[in-house]
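Novice: Take a look and give me a structure for this.
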Amino acid sequence: MTGSSFGERFRISTFGESHGGGVGVVIDGCPPRLALDVERVQFDLDRRRPGQSRLVTQRQEADTVEVLSGMFEGRTLGSSLAMLVRNTDARPNAYDHMKDVYRPSHADYTTEAKFGTRNWQGGGRASARETIGRVAGAAVARQLLETVAGVEVLAWVSSVASIAAEVDVEAVTLDAVEADATRCPDAQAASTMTDAIEEARRNGDSLGGVVTCVARNVPAGLGEPVFDKLDADLAKAMISLPAAKGFEIGSGFGGTLMTGLQHNDPFEPGPDGAPRTTTNHSGGVQGGISNGADIVMRVAFKPTGTISSAQKTVDRDNNPVTLEAKGRHDPCVLPRAVPMVEAMTLLVLADHWLRQQSTDVL
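Specialist: Below you'll find the model as predicted:
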């Protein structure tokens, strides 16, 4: 299948289906001799895994990672790095009633229209379980970026439906994000979000929302002019995530309500000998290239498509049917989307950092 690889210099290829034997990733381009902590890879996978709270799908998967190649004595070899997570709680029979039915707002019909076939057991490659490979690959990218540049990437749930959090982007920490099952660092908003998600589940419905992400200590100069702009690659990365429907960086659509004088980010002398901006409406990227400020972006996720309420659809013979989905599904994808947004940010930054190393600056 095409479209399962991402990146140019730091390149991942993911594999596996939701209810197959397992899922994983092959990473090419990771530099040799990088000290790689597999427990930190597992930590990021644990944040993504199902069954971690009552707010997400109750599929019980440990998502234990196995490193198959590319590592020796705790360091990368420079060869392909392969990681596998085996599916241990797959229940493909739970989807028997959907075998010949197109679920509303899923990839069932479109996948079949493209390939002439589809894996109807949990959505196959269209399932969010595919993102295990992304998160595992990005956990390697995280350790690379920390080692070479001190880059930190952190995401959190900033809204669910109409419930918005108040979060200081400059001060938010991982501990604050992980303190609540919603992954919203605003305790009051998190409580309201929890009530809303649980009510949606009881009503056989689902909710969407927004994940905000910040990348700190990103060096200036990352990104390529014209088609491979840093923000363009970030946009592609985020919209490739399951259920992602919108992307903003910096002021985003809010910038349309400002004048140029209000929106421009003035420069001043920085303490390290390089200029810095006094504001950050650009979101850390200007002309498609990082300027050294924090990269701040937001990703919108639609409500989960699989719900237990009755929905009108058609079967493969184009007959109208009513579908009431069964199985284990997220009433809101946002809490588990947080590590996915971090993952795609890390993959883009690692790729562009390696690309920058081949740029000669005299």
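Novice: Which of the residues in stretch 33-40 are classified as buried?
Specialist: 34, 36, 38 (16 or more other C-beta atoms under 10 Å). To be clear about C-beta, it is placed using only N, CA and C from the backbone, and glycine gets the same treatment.
Novice: Check stretch 318-337 too.
Specialist: 323, 325, 327-337.
Novice: and that stretch, how far apart are its ends?
Specialist: Start-to-end span of stretch 318-337 (C-alpha to C-alpha, to the nearest Å) is 33 Å.
Novice: Okay, now the unreliable bits of the chain?
Specialist: 1-2, 50-54, 56-61, 90-96, 326-328, 360-362 (pLDDT under 70).
Novice: Can you point out the helix or strand that includes Glu248?
Specialist: Element membership for Glu248, per DSSP states H and E: strand 244-249.
Novice: so how far is the helix or strand that comes right after that strand from its chain's centroid?
Specialist: Downstream of strand 244-249, the next assigned helix or strand under DSSP H and E is helix 260-263. Chain-centre distance of helix 260-263: 31 Å, with C-alpha atoms, centre = their mean, to the nearest Å.
Novice: which residues are in contact with stretch 300-320?
Specialist: Taking contacts as C-beta atoms under 8 Å, 6 or more residues apart in numbering, the residues outside stretch 300-320 that touch it are 100-106, 112, 203-211, 241, 243-247, 321-327, 329-334, 337.
Novice: The stretch 51-200 of the chain: strands as residue ranges?
Specialist: Here the stretch 51-200 of the chain has its strands, by DSSP state E, counting those that start in this stretch, at 65-69, 71-72, 75-76, 81-86, 152-160, 163-164.
Novice: Packed most tightly, which of the ones you listed would that be?
Specialist: Of all the strands of the stretch 51-200 of the chain, strand 152-160 has the most neighbours on average by mean count of other C-beta atoms under 10 Å, namely a mean of 24.
Novice: Verify the contact between Leu346 and Leu154 for me.
Specialist: No. Counting by C-beta atoms under 8 Å, Leu346 stays clear of Leu154, with 10.7 Å between them.
Novice: that older thread, return the subset of the buried residues of stretch 318-337 lying in strands.
Specialist: Leu323 (DSSP state E).
Novice: since we're on His281, how many residues are nearby?
Specialist: 16 (other C-beta atoms under 10 Å).
Novice: Skipping its backbone neighbours, what lies nearest it in space?
Specialist: Nearest residue to His281, sequence neighbours excluded (C-beta to C-beta, 6 or more residues apart in numbering): Ser251, at 4.4 Å.
Novice: Hmm, Met258 and the one you found touching each other?
Specialist: Yes. If you go by C-beta under 8 Å, Ser251 and Met258 touch, sitting 6.8 Å apart.
Novice: gap between the two ends of stretch 256-268?
Specialist: First-to-last distance for stretch 256-268 - C-alpha to C-alpha - comes to 25 Å.
Novice: now swap in stretch 15-27 and tell me
Specialist: Across stretch 15-27, first to last residue, C-alpha to C-alpha, it's 12 Å.
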